[in-house]
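Novice: return a 3D structure for these sequence lines:
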Amino acid sequence: GRVGIDNDDESAGGSGGGRIYVYANEIDLSGHVSAEGGNSTLTAESGQNGTIVIEFSDVIDISSATFNSPFMIARNNSFGRIVYNDVNQTTNSSIDFSNLINITNNSIIVDSDANSDLNTSADLYFYDTDSLGLTNRAPYRNGYTCSLSICSEVNDNDTYVFEVTQFTTYSVGEHVNVAPIVSSVVLNTTDISLNDTNQNLTGYISVTDIESDSIYNITDWRIGNVSWNKLNMPFDVNMTAEGNTKERDYSTEGNNATVYGATYNSSCNSGFDGSGCYEFDGTNDYMSLPDVSSLKKTTYFSYSVWFKSNTNSPTDKAIFGKWNTYGWMIYISGGNIRTYCHDKYIIDSTTPILAGEWHHAAGVNNGSGFLLYVDGEFKGYSTERTSCSSTTNAYNIGTYRNHVNSYFNGSIDNAQYWNSSLSAEEVLNLYNGTRTKVVSQELNVGEEWSMCVTPNDLSDVGSTVCSNEVTIQVAVACPAWASVEYGTGCLLNSTYYT
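Specialist: Here you go, the predicted structure:
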């Protein structure tokens with residue numbers, strides 16, 4: 001109801017808790033005001049404690065009133081409305097609500113610095129937001145898209161409503177995503193006192209997103225500031241949006257792919273990390289990579305890719321490779337994964353390919369033969385072809401040589417290529433999705449390793465930040481006296497060991 005009070009004691013009570021609701025354009029309130037519950041055994045949901053709600057439009061003066069119960073404040077005019085959520089907001093009648101809470105065209109401003117009782121959660125209503133002509137409405141805080149930890153959308157209509165947890169200046173605007181920010185990247189070895197070839201490398205990332213979006217960190221491992229892998233395509237951001245036909249290679253080689261028909265999916269729930277991938281229709285969708293020297297080794301190279309078929313036991317479908325009568329590729333035939341080298345397939349795995357299942361495939365040429373791994377497990381080794389002759393044909397993802405029958409029907413994620421032979425331990429590391437670790441088997445004495453991180457939230461890419469460098473040293477066995485006198489680790493280059 002509506003109760004006007006002027007120099008008189010008013011109360012509302014009862015077994016469920018009393019409520020006084022005061023609403024007017026102008027409020028002048030004095031005297032003693034209380035709202036008290038009558039039955040102390042009732043639950044809070046029944047309104048055991050009485051509440052006082054004071055909502056005004058233009059002017060409010062309650063400085064002469066005293067409140068036996070806390071009250072909740074609200075303000076409402078033709079532009080919008082603010083309603084605090086805490087029924088026990090305050091008992092302070094001296095707050096200058098008229099000047100501290102202001103609602104103007106597409107703006108609600110609360111000077112919570114002047115009174116901390118106003119810095120609590122509230123629902124904000126913005127009227128007639130259709131007139132703003134926004135394509136994608138979003139809450140704004142101090143002129144920027146508001147973080148989800150502060151603003152949560154309640155109703156996305158002409159009357160746009162969102163709840164906030166703390167106060168400053170709020171408005172409604174076009175949603176503009178803010179990319180995440182990496183503040184630091186630190187690279188360490190397993191034993192931080194040793195940088196030798198017996199140690200794994202692990203990167204530690206500090207990253208934030210102002211909108212509390214999910215963050216996916218794209219890592220690029222480098223040796224002497226040059227990318228370890230020569231193709232690094234995680235497909236975590238839709239680079240083909242807004243007419244761009246290129247998908248980014250995050251290695252220093254910049255071997256960007258041209259996309260032909262494949263559709264980006266930001267939430268494909270891949271076996272790699274559950275973020276983005278590309279979907280191929282099995283008819284004419286594919287990607288093409290440039291024919292460059294960094295992707296043309298015939299021996300001592302490795303590749304890795306994730307994929308999911310839309311059909312059971314597909315036949316003659318290409319996933320990833322560089323093959324045109326000669327070359328190499330990963331291929332599915334008779335429902336099994338095959339690897340091709342030079343002029344024929346040389347390894348046929350027994351892993352069945354069923355619709356809807358993600359798989360990881362990796363191939364390694366070690367100079368003496370070819371190894372195939374599926375889902376982190378070794379599936380075969382062949383010395384039938386030791387060199388995979390190169391061709392001038394471009395790399396393809398989702399087909400080979402644009403052959404009409406080779407188009408893949410399914411999803412592909414995280415295509416990578418190295419000009420080195422990966423160890424079985426590193427292949428398993430890749431299958432486990434560990435972006436921030438390189439196993440010790442990949443390290444060589446004298447190399448200077450670093451890890452560069454590019455954060456993204458599946459909408460935008462942040463700036464790349466690189467770690468410190470770690471120089472790999474010779475692994476030296478600890479003398480017996482060192483493990484006794486100084487613990488289990490030996491400090492290389494220390495004054496205690498020569």
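
Novice: any regions of the stretch 201-350 of the chain where pLDDT drops low?
Specialist: 239-244, 270-272 (pLDDT under 70).

Novice: what segments of it are strands?
Specialist: 201-208, 216-223, 226-227, 229-233, 246-247, 257-260, 263-265, 277-281, 286-289, 301-309, 317-324, 326-333, 336-341, 344-348 (DSSP state E, counting those that start in this stretch).

Novice: now the end-to-end length of stretch 395-409.
Specialist: 18 Å (CA to CA, to the nearest Å).

Novice: now stretch 245-261
Specialist: Terminal residues of stretch 245-261 lie 9 Å apart, using CA to CA.

Novice: same check, this time on stretch 263-277
Specialist: For stretch 263-277, the end-to-end distance is 9 Å (CA to CA).

Novice: with stretch 281-293 instead?
Specialist: Termini of stretch 281-293 sit 30 Å apart (CA to CA).

Novice: and for stretch 353-364?
Specialist: Stretch 353-364 has an end-to-end distance of 21 Å (CA to CA).

Novice: how about stretch 284-301?
Specialist: 29 Å.

Novice: what do you get for stretch 455-475?
Specialist: 34 Å.

Novice: give the buried residues for it.
Specialist: Of the residues in stretch 455-475, 455-459, 461-462, 465-467, 470, 472-473, 475 count as buried by neighbour count, 16 or more other CB atoms under 10 Å. Heads up, the C-betas are built off the backbone N, CA and C, glycines and all.

Novice: dump the residue contacts of the residue nearest the centre of the chain.
Specialist: The centroid of the chain falls nearest to residue 215 when counting by CA atoms, centre = their mean (2.1 Å). Listed by CB atoms under 8 Å, 6 or more residues apart in numbering, the contact set of residue 215 reads 180, 207, 209, 455, 456, 457.

Novice: try it again with 10 Å
Specialist: 179-182, 205, 207-209, 275, 455-458, 462 (CB atoms under 10 Å, 6 or more residues apart in numbering).

Novice: again with residue 55
Specialist: Taking CB under 10 Å, 6+ apart as the test, what residue 55 contacts is 2, 21-24, 27, 72-76, 81-84.

Novice: how far off centre is whichever strand or helix holds it?
Specialist: Element membership of residue 55, judged by DSSP states H and E, is strand 51-67. For strand 51-67, the distance from its own C-alpha centre to the chain's C-alpha centre is 45 Å (CA atoms, centre = their mean, to the nearest Å).

Novice: what about that strand, average pLDDT?
Specialist: Strand 51-67 carries an average pLDDT of 82.

Novice: list the strands paired with it, with their directions.
Specialist: Using DSSP bridges, the strands paired with strand 51-67 in its sheet are strand 19-37 (parallel), strand 71-76 (parallel).

Novice: any buried residues in it, and which?
Specialist: Buried residues in strand 51-67 (16+ other CB under 10 Å): 51, 52, 53, 54, 55, 56, 57, 60, 61, 62, 65, 67.

Novice: do the same with stretch 144-163
Specialist: Those would be 145, 146, 147, 150, 151, 160, 161, 162, 163, for stretch 144-163 by 16+ other CB under 10 Å.

Novice: and the pLDDT at the last one?
Specialist: In the predicted model, residue 163 carries a pLDDT score of 89.

Novice: now the longest helix along the chain: buried residues?
Specialist: Longest helix in the chain, counting residues (DSSP state H): helix 424-431. For helix 424-431, the neighbour count (16+ other CB under 10 Å) marks 424, 426, 427, 428, 429, 430, 431 as buried.

Novice: ditto for stretch 177-185
Specialist: For stretch 177-185, using 16+ other CB under 10 Å, the buried residues are 178, 179, 180, 182, 185.

Novice: same question for stretch 96-106.
Specialist: 97, 100, 101, 102, 103, 106.

Novice: residue 448 and residue 470 touch, don't they?
Specialist: Yes. Applying CB atoms under 10 Å, one finds residue 448 in contact with residue 470, separated by 7.3 Å.

Novice: of all the residues in the helix or strand where residue 452 lies, which ones are buried?
Specialist: Element membership for residue 452 (DSSP H and E) is strand 448-456. Of all the residues in strand 448-456, those buried under the rule 16+ other CB under 10 Å are 449, 450, 451, 452, 453, 454, 455, 456.

Novice: same question, stretch 354-367
Specialist: Neighbour counts over stretch 354-367 (16+ other CB under 10 Å) mark 358, 359, 360, 361, 362, 363, 364, 365, 366 as buried.

Novice: ok, what's across the strand from the third one?
Specialist: Under DSSP bridges, the beta-bridge partners of residue 360 are residue 306.
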